[in-house]
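Student: the following comprises the amino acid sequence and a computationally predicted model.
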Amino acid sequence: MGRHRGRYAEEPSRRSRRRRGRGGAFAALAAALVIVLGLAVAGVYVFGQSDGCRGSAITLDVAASPELVPALDDVAADFNTEEHQVDGRCVHVQVRQVDSANVAFGITGAGATMGDTDSDVWIPDSSVWPRLVQSQAGDAVITETGTSVARSPLVLAELAEFAEDGEEPATWTDVIPTGAPTDETDRTVRVVDPARSSTGLGTLYLLHGALEEATPDTDTFNAHMTAALQTLHQGASADEESAFLAFSGGTAEAPPTMVMSEQAVWRYNAAHGDSTARAGYLEGGTYYLDYPYIVRSEESDITRAAEEFRAAVRGDDAREHLLAQGFRGPEGEIDTSVLTKETGFSEEPPAELPNPSEGMAGDLIRSWNQLKMDSRVLTIVDISGSMLAEVPGTGMTRMQVTSAAATQGLQMFTDSSELGLWEFSTDVNNGLHHQEIAPIRELQATSDDGTEHRDVLAGALSSMEPLPQGDTALYDTYLAAYQEMSSTYQPDRTNVILMLTDGDDDNPGGGLELDELLSEIDTISDPARPIPIITIAFGPDVQNLEPLQEIAAATGGAAYMTEDPTEIGDIFLQAFSLRISGSDSE
């Protein structure tokens with residue numbers, strides 16, 4: 001009975017009851033708060049478990065062009081905090097920087113790669129790369145989503161200290177010389193290797209389009225495109241970092257220009273405060289880097305996770321992150337506090353040209369690589385008596401004009417190219433009709449006295465003297481040259497014979513006939529070791545070009561004829577353009 005205290009229990013005094021009631025109230029309140037807080041925490045945990053992420057997270061691996069990564073890191077951090085889900089599992093995005101060409105070549109095997117090219121999502125700097133992949137590796141999983149994560153047009157950058165205000169916009173053909181090289185160059189054009197850079201490839205594309213519009217004649221176009229590629233090769237860098245370094249070191253004597261995206265100009269300026277660049281916009285529109293969002297998986301959970309992140313990169317918050325990093329938005333908008341007017345940036349987006357097709361991109365890369373391969377050229381100069389004739393209107397002999405044109409042509413070749421020089425007529429060297437003046441060596445090689453081979457050749461060309469009684473043992477010299485180049489063939493170079501002559505074959509002492517020469521060449525030649533013969537014939541004494549064309553056809557070369565020897569320089573360009581056109585010219 002005693003344990004049933006209830007109303008039968010003895011009541012404490014009123015005062016005792018009040019004090020005890022207050023202390024109990026505090027204790028009860030404290031206990032209640034602990035319980036409430038505990039339940040709240042537990043409730044959050046329970047509700048989080050019931051309505052939030054379950055199981056292991058889905059990791060979405062995103063490989064992006066390096067310049068895009070700072071902005072995407074911020075977008076991914078926001079995305080991961082928001083706990084986006086697929087089938088109740090949280091999606092966790094990991095962004096890493098990977099060179100676009102590295103991924104493309106990793107899939108196709110068409111070029112060198114550093115590995116680490118697999119990913120769930122790929123965001124290259126240009127749509128050119130996935131289209132090249134699709135054309136070269138048709139079984140690759142490449143799903144274009146139609147989303148452009150960011151945009152940045154190509155512009156012409158100049159160092160601010162050398163840029164001139166108030167000039168009218170130039171065209172792309174004004175930027176890059178497209179004629180025969182000269183001794184004086186007013187600018188150095190920098191470009192990142194187009195075989196691995198969208199910006200470099202875009203430069204070739206813009207130039208190609210401008211030249212195609214300006215020069216409807218195929219031979220002229222090929223010659224001008226070749227000259228432009230030659231110029232760009234001289235200022236090419238393997239990667240953006242080395243190109244930026246070379247660009248920043250420009251001088252007033254040869255102020256550099258470089259085709260970059262707007263975002264690259266902003267990035268360059270951020271790293272080169274003491275040598276900033278100014279952006280310029282050229283007539284005729286430009287090519288945009290468009291940063292496409294590509295899905296590379298067919299797994300259901302990964303593709304749905306990729307779709308979740310794609311929605312995020314299209315959002316307003318992502319747009320702010322991207323604009324803050326110097327990109328344009330989907331409508332061409334910019335953050336004017338980032339891309340400032342003072343640095344040359346235009347708030348109005350420049351006109352956009354369509355992206356090059358995969359076929360065009362492939363052709364441009366092949367053209368670039370063909371010219372990148374060093375040449376190995378045996379140049380043969382006619383010193384027969386007719387070379388003493390004066391070229392009307394010049395005050396110079398055919399020999400002098402030829403020597404000057406050949407010397408000018410030396411500038412077309414890189415320092416690592418190999419060139420040699422022969423002269424020919426009849427009986428110039430103990431019964432032989434040809435004579436070596438300079439061996440085939442790299443132009444940068446030095447002789448015992450320290451003279452570079454390029455200078456040796458220039459000196460030899462300027463000192464050539466015609467033989468007053470000499471005739472033109474053309475066919476015999478062709479064969480001797482072909483035998484020499486065949487026996488010393490270098491597979492890592494383009495091996496070429498270049499003949500400069502002012503007359504038809506004329507050898508009173510006998511010698512080879514045309515059919516005998518062609519038969520000998522057919523016996524020696526090997527399709528796997530091509531040695532094209534390119535002939536430039538000039539002057540009124542050339543009566544018949546057909547034999548030279550037959551020789552060209554038999555060797556994969558070309559034959560050109562002009563009555564004006566002063567045109568040899570331009571013909572040099574046309575002859576050299578064979579390396580990118582792949583077709584004969586007449």
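Tutor: Thanks, I have it. Here the structure is a predicted model, which means the values were calculated and not measured.

Student: residue 130 against residue 122, yeah?
Tutor: Yes. Residue 130 lies in contact with residue 122 (Cβ atoms under 8 Å); the separation is 7.4 Å. Backbone N, C-alpha and C define where each C-beta goes, glycine included.

Student: what's the overlap in contacts for those two?
Tutor: Shared contacts of residue 130 and residue 122, defined by Cβ atoms under 8 Å, 6 or more residues apart in numbering, are found at residue 294.

Student: which residues does residue 429 form beta bridges with?
Tutor: Beta-bridge pairing of residue 429 under DSSP bridges involves residue 432.

Student: what about residue 332, neighbour count?
Tutor: A count of nearby residues for residue 332, using other Cβ atoms under 10 Å, gives 15.

Student: ok, residue 468 next?
Tutor: Neighbour number of residue 468 under other Cβ under 10 Å is 10.

Student: the more surrounded of residue 130 and residue 122?
Tutor: residue 122 (27 against 23).

Student: which residues touch the host helix or strand of that one?
Tutor: In this assignment (DSSP states H and E), residue 122 forms part of strand 121-123. Strand 121-123 has contacts (Cβ under 8 Å, 6+ apart) with 60-65, 68, 72, 103, 130, 149, 291-296, 306, 309.

Student: go with 6 Å
Tutor: For strand 121-123, contacts defined as Cβ atoms under 6 Å, 6 or more residues apart in numbering pick out 62, 63, 64, 103, 149, 291, 293, 294, 295, 296, 306.

Student: ok, the fifth one touching residue 292?
Tutor: No. Judged on Cβ atoms under 6 Å, residue 149 makes no contact with residue 292 at a distance of 7.4 Å.

Student: flag the shaky bits of the stretch 201-350 of the chain, pLDDT-wise.
Tutor: 252 (pLDDT under 70).

Student: what do you get if the cut-off is 90, keeping everything else the same?
Tutor: For the stretch 201-350 of the chain, applying pLDDT under 90 flags the ranges 207, 209-239, 241-243, 245-257, 273-275, 283-284, 330-331.

Student: that one: helices as residue ranges?
Tutor: Using DSSP state H, counting those that start in this stretch, the helices found in the stretch 201-350 of the chain span residues 218-234, 240-248, 262-271, 300-313, 316-324.

Student: who are the packing partners of the last one?
Tutor: In this case it means helix 316-324. Using 3 or more Cβ pairs under 6 Å, 6 or more residues apart in numbering; DSSP states H and E, the elements in contact with helix 316-324 are helix 69-81.

Student: packing partners of the helix it packs on?
Tutor: Applying 3+ Cβ pairs under 6 Å, 6+ apart, one finds that helix 69-81 contacts strand 89-97, helix 316-324.

Student: can you list those in TSV and add distance to residue 541?
Tutor: Below are these laid out as TSV (distance: least, Cβ to Cβ, whole Å):
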stretch	distance to residue 541
strand 89-97	64
helix 316-324	67
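
Student: returning to that earlier point: now the contacts of strand 121-123 in a markdown table, with distance to residue 410 and neighbour count?
Tutor: Listed next are the contacts of strand 121-123 as a markdown table, based on distance: Cβ to Cβ, whole Å; neighbours: other Cβ atoms under 10 Å:
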| residue | distance to residue 410 | neighbour count |
| --- | --- | --- |
| 62 | 50 | 23 |
| 63 | 45 | 26 |
| 64 | 45 | 27 |
| 103 | 40 | 26 |
| 149 | 47 | 24 |
| 291 | 43 | 28 |
| 293 | 49 | 23 |
| 294 | 46 | 23 |
| 295 | 52 | 20 |
| 296 | 48 | 23 |
| 306 | 55 | 27 |
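
Student: just the residues you listed: which are in strands?
Tutor: 62, 63, 64, 293, 294, 295 (DSSP state E).

Student: look up how far residue 300 lies from the second one.
Tutor: Remark: distance between residue 63 and residue 300 (Cβ to Cβ, to the nearest Å) = 21 Å.

Student: what are the ranges of the strands in the stretch 451-586 of the chain?
Tutor: Using DSSP state E, counting those that start in this stretch, the strands of the stretch 451-586 of the chain run over residues 494-501, 533-538, 558-562.

Student: between these, which one is closest to residue 436.
Tutor: For the strands of the stretch 451-586 of the chain, the distance to residue 436 is smallest for strand 494-501, at 13.6 Å, taking Cβ to Cβ.

Student: partner strands of that closest one, with direction?
Tutor: Applying DSSP bridges to the sheet, strand 494-501 is found paired with strand 375-382 (parallel), strand 533-538 (parallel).

Student: outside of the longest one, which residues touch it?
Tutor: Pointing back at strand 375-382 there. Strand 375-382 is contacted by residues 413, 417-424, 481, 485, 490, 493-502 when judged by Cβ under 6 Å, 6+ apart.
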